[in-house]
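Chemist: how would this look folded up:
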Amino acid sequence: MALKLDHIIIAVSDLDQAIAEYQALGFNAFYGGKHASGTTHNALVCFSDGSYLELLAPTGEPRTDMDAADFSGLLRDGGGMAGYALLSDELASDAAALRAKGLDVSDVKIGSRLRPDGVELRWKTALINGGMSPFLIQDITPRNLRVPDDEAVTRHHNGSLSLQDLAHVIPNLNLNQIEQALKRLDASASE
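Modeler: As a prediction, the model looks like this:
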């Protein structure tokens with residue numbers, strides 16, 4: 001299992017305003033497109049290591065595709081960090097490995113969004129422990145269509161190159177659960 005940080009989701013109320021604010025901070029933020037559910041759209045700040053920030057905002061429109069993943073749940077707590085995704089090269093195997101370690105991992109679902117140029121991007125996701133974050137993601141369409149790797153996109157006026165760290169605060173977590181999870185990880189690492 002080789003999971004790595006794919007992206008961090010930042011909830012914003014107004015996408016155009018957020019793009020302008022991130023551009024004013026020296027980031028090359030650009031409109032990404034509308035998600036298939038119709039309820040959310042995004043902008044991206046891509047880095048040369050393949051990670052990115054996703055600025056996620058409501059479209060103000062009703063849900064149009066009931067079968068599509070709906071990311072609007074990530075917006076219910078207001079603005080700021082709303083979640084993150086871990087990139088998998090083999091989502092089914094990674095999900096099974098996490099289940100074997102005692103985590104509750106959802107069935108795999110298909111997600112998509114339509115870029116402004118009309119290209120549909122598709123990926124697979126699996127949720128962990130019943131929440132919308134973190135989640136696992138694996139591209140179906142070529143990754144560089146979802147996460148551009150062109151230097152013109154990944155170069156930022158402020159010099160930022162990558163996402164270096166992520167602090168995840170877990171509310172109401174039992175210390176016993178942490179100790180048990182660490183023991184399972186230690187045991188699997190020594191196998």
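Chemist: List the buried residues of stretch 107-127.
Modeler: By neighbour count on 16 or more other C-beta atoms under 10 Å, the buried set for stretch 107-127 is Gly111, Ser112, Arg113, Leu121, Trp123, Lys124, Thr125, Ala126, Leu127. To be clear about C-beta, it is placed using only N, CA and C from the backbone, and glycine gets the same treatment.
Chemist: what's the farthest-apart pair in the residues you listed?
Modeler: Farthest pair in the buried residues of stretch 107-127 (C-beta to C-beta) is Leu121 and Leu127. Separation: 19.2 Å.
Chemist: about what we covered before: TSV please, covering the buried residues of stretch 107-127 and showing distance to Thr59, pLDDT and secondary structure.
Modeler: As requested, those are exported to TSV (distance: C-beta to C-beta, whole Å; pLDDT from 0 to 100; DSSP: H, G, I helix; E, B strand; the rest coil):
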residue	distance to Thr59	pLDDT	secondary structure
Gly111	16	89	strand
Ser112	15	91	strand
Arg113	11	89	strand
Leu121	17	94	strand
Trp123	19	94	strand
Lys124	23	94	strand
Thr125	20	92	strand
Ala126	25	93	strand
Leu127	22	91	strand
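Chemist: closest to Gly50 among those?
Modeler: Nearest to Gly50 among those, with distances taken as C-beta to C-beta, is Trp123, at 14.0 Å.
Chemist: rewinding a little: and the buried residues of stretch 107-127, which is closest to Pro142?
Modeler: When these are compared against Pro142 (criterion: C-beta to C-beta), the nearest one is Leu121, at 9.2 Å.
Chemist: Excluding residues flanking it in the chain, which one is nearest that closest one?
Modeler: Using C-beta to C-beta, 6 or more residues apart in numbering and skipping residues adjacent in sequence, the residue nearest Leu121 is Arg146, 4.6 Å away.
Chemist: tell me the contacts of the one you found?
Modeler: Leu121, Trp123, Asp139 (C-beta atoms under 8 Å, 6 or more residues apart in numbering).
Chemist: Let's have those in TSV, adding distance to His35.
Modeler: Converted to TSV, the contacts of Arg146 look like this (distance: C-beta to C-beta, whole Å):
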residue	distance to His35
Leu121	10
Trp123	11
Asp139	15
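Chemist: Out of those, which is nearest to Ser133?
Modeler: Closest to Ser133, out of all of the contacts of Arg146 and judged by C-beta to C-beta, is Trp123, at 15.5 Å.
Chemist: Please enumerate the helices of the chain.
Modeler: Secondary structure of the chain by DSSP state H: the helices cover 15-24, 91-100, 143-146, 151-154, 175-189.
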